[in-house]
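Novice: Build me a model:
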Amino acid sequence: MTNADWRFTVRSGEPLSTTALQRAFTDAKQAAGVTTPGRIHGLGHALAMYQLAAWMAVERLQRLLGHRRIQTTLHLVADGSFGTDGI
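Specialist: So this is what the prediction gives:
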């Protein structure tokens with residue numbers, strides 16, 4: 001699976017901009033009454049935390065997060081960025 005498989009698109013098939021996606025996420029949080037701060041990037045960290053807790057292989061997590069280098073994923077795991085304080 002490539003990053004293009006995960007891309008959000010508008011009706012014309014063009015990719016949805018990061019700004020538009022973040023705006024939609026913020027609007028959805030507001031509509032749901034969620035007041036805690038957070039951005040879409042934090043969802044990736046939350047996903048990683050739960051996948052690691054479920055014993056997902058780090059190499060698979062690397063691919064899922066789209067990291068080119070395993071060192072990037074390992075660094076985040078080692079410094080605790082996937083823990084509750086790092087989200």
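Novice: need the contact list for the residue most central in space within the chain.
Specialist: Here the mean C-alpha position of the chain is nearest to the C-alpha of Gly44 (Cα atoms, centre = their mean), at a distance of 2.1 Å. With contacts defined as Cβ atoms under 8 Å, 6 or more residues apart in numbering, Gly44 is in contact with Leu65. Heads up, the C-betas are built off the backbone N, CA and C, glycines and all.
Novice: so it is in which element?
Specialist: helix 40-53 (DSSP states H and E).
Novice: that older thread, tell me the confidence at the residue nearest to the centre of the chain?
Specialist: If you check Gly44, the pLDDT there is 78.
Novice: Could you do Gly86 as well?
Specialist: 41.
Novice: Per-residue pLDDT of the closest residue to Leu74 other than its chain neighbours, please?
Specialist: Leaving out its chain neighbours, the residue that sits closest to Leu74 by Cβ to Cβ, 6 or more residues apart in numbering is Val58, at 6.6 Å. You'll see Val58 listed with a pLDDT of 91.
Novice: contacting residues around the residue of the chain most remote from its centre?
Specialist: In the chain, the residue that sits farthest from the middle, by Cα atoms, centre = their mean, is Ser12; the gap is 24.7 Å. Contacts for Ser12 (Cβ under 8 Å, 6+ apart) come out as none.
Novice: Doesn't it lie inside a strand?
Specialist: No. Assignment of Ser12 by DSSP: H, G, I helix; E, B strand; the rest coil gives coil, placing it outside any strand.
Novice: Can you list phi and psi of it for me?
Specialist: Dihedral pair for Ser12: phi -70, psi -10, per degrees, to the nearest 10.
Novice: re the thing from before, please report how far the residue nearest to the centre of the chain lies from Gly13.
Specialist: Distance, Gly44 to Gly13, using Cβ to Cβ, to the nearest Å: 24 Å.
Novice: ok so, going back, ok, the residue nearest to Leu74 - contacts?
Specialist: Here Val58 is in contact with Leu52, Ile70, Thr73, Leu74, Val77 (criterion: Cβ under 8 Å, 6+ apart).
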